[in-house]
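Participant: Sequence first, predicted model second:
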Amino acid sequence: MTPPEAPETGTASRDTRPPAISVCPKPADTPAKLTVLKARADFLRAARARKQAVEGMLVQARDRRDDDPRIRVGYTCSKKVGNAVARNRAKRRLREIARLILPTEGRPGWDYVLIGRPEVTGTRPFDALQADLHRALRKLHPTEG
C-alpha cells in the first residue's frame with residue numbers, strides 16, 4: 001500500500017501535493033507532554049526537596065505550588081558516571097523511562113530530576129530501570145487512604 005501523498009502511477013506532477021494534515025491516527029488518550037528543566041535554579045530547588053534513591057538512579061521531586069499543571073523533568077549525570085559516551089547513554093536511558101512513566105504516574109505541577117548513578121544507570125536492564133522509577137514515585141507520592 002502506498003502512502004496517501006504518493007501518486008498511484010509512481011510519477012509526481014506539479015499538481016500533486018501532500019495532504020496539509022497528518023493522516024496518522026492519533027490516540028484518544030495522549031498522555032501529557034513533559035517539559036524539560038534547563039535553568040540551574042530549578043535543579044537547585046529540586047535538590048532541596050524530596051529525594052528517593054533506588055538502585056538505578058536518584059530521583060528528586062518538588063511540588064512547585066503554582067498554577068502551571070505541566071510536569072517538568074531534568075536529567076543529570078556527573079563525571080563519576082563515566083566519560084561523555086557513558087554519561088550520554090545514561091541520560092538517554094533516563095529520558096526514555098521518564099517519557100514512558102512520568103506522564104501517567106507523575107503529578108501535575110511537580111518538578112522531577114533524575115540523576116544517573118555510576119556504573120549502574122548505563123548498564124542496568126531497561127525493565128529494571130523502569131521498575132526503579134515506579135518504586136521511587138510510589139515512595140515519593142504515597143497514596144492517601
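Facilitator: Structure received. Numbering: from 1, shown residues only.

Participant: Can you point out the buried residues in stretch 79-88?
Facilitator: Of all the residues in stretch 79-88, those buried under the rule 16 or more other CB atoms under 10 Å are Val81, Gly82, Ala86, Arg87. Any C-beta I mention is one placed from the backbone N, CA and C, and that applies to glycine too.

Participant: Out of the residues you listed, flag the one nearest to Pro118.
Facilitator: Distances from Pro118 to those, taken as CB to CB, are shortest for Val81 (5.2 Å).

Participant: wait, the closest one sits on Gly122?
Facilitator: Yes. Using CB atoms under 8 Å, Val81 makes contact with Gly122 at a distance of 7.0 Å.

Participant: Overlap in contacts, the two.
Facilitator: Shared contacts of Val81 and Gly122 (CB atoms under 8 Å, 6 or more residues apart in numbering): Ala90, Gly116.

Participant: Can you list the low-confidence ranges for this structure?
Facilitator: Residues of the chain meeting the criterion pLDDT under 70: 1-32, 144-145.

Participant: just the helices in the protein please.
Facilitator: 40-47, 84-105, 126-140 (DSSP state H).

Participant: Nearest approach to Gly56 belongs to which of these?
Facilitator: helix 126-140 (4.1 Å).

Participant: Give me the buried stretch members for the closest one, please.
Facilitator: Within helix 126-140, the residues that qualify as buried by neighbour count (16+ other CB under 10 Å) are Leu129, Gln130, Ala131, Asp132, Leu133, Ala136, Leu137, Leu140.

Participant: ok so, going back, can you convert the helices of the chain into CSV and add a column each for distance to Val59?
Facilitator: CSV is the format used below for these (distance: least, CB to CB, whole Å):
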stretch, distance to Val59
helix 40-47, 10
helix 84-105, 10
helix 126-140, 4
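
Participant: now stretch 128-135, how far from the chain's geometric center?
Facilitator: Taking the mean of its C-alpha atoms, stretch 128-135 sits 13 Å from the chain's own mean (CA atoms, centre = their mean, to the nearest Å).

Participant: same question, stretch 109-116
Facilitator: 10 Å.
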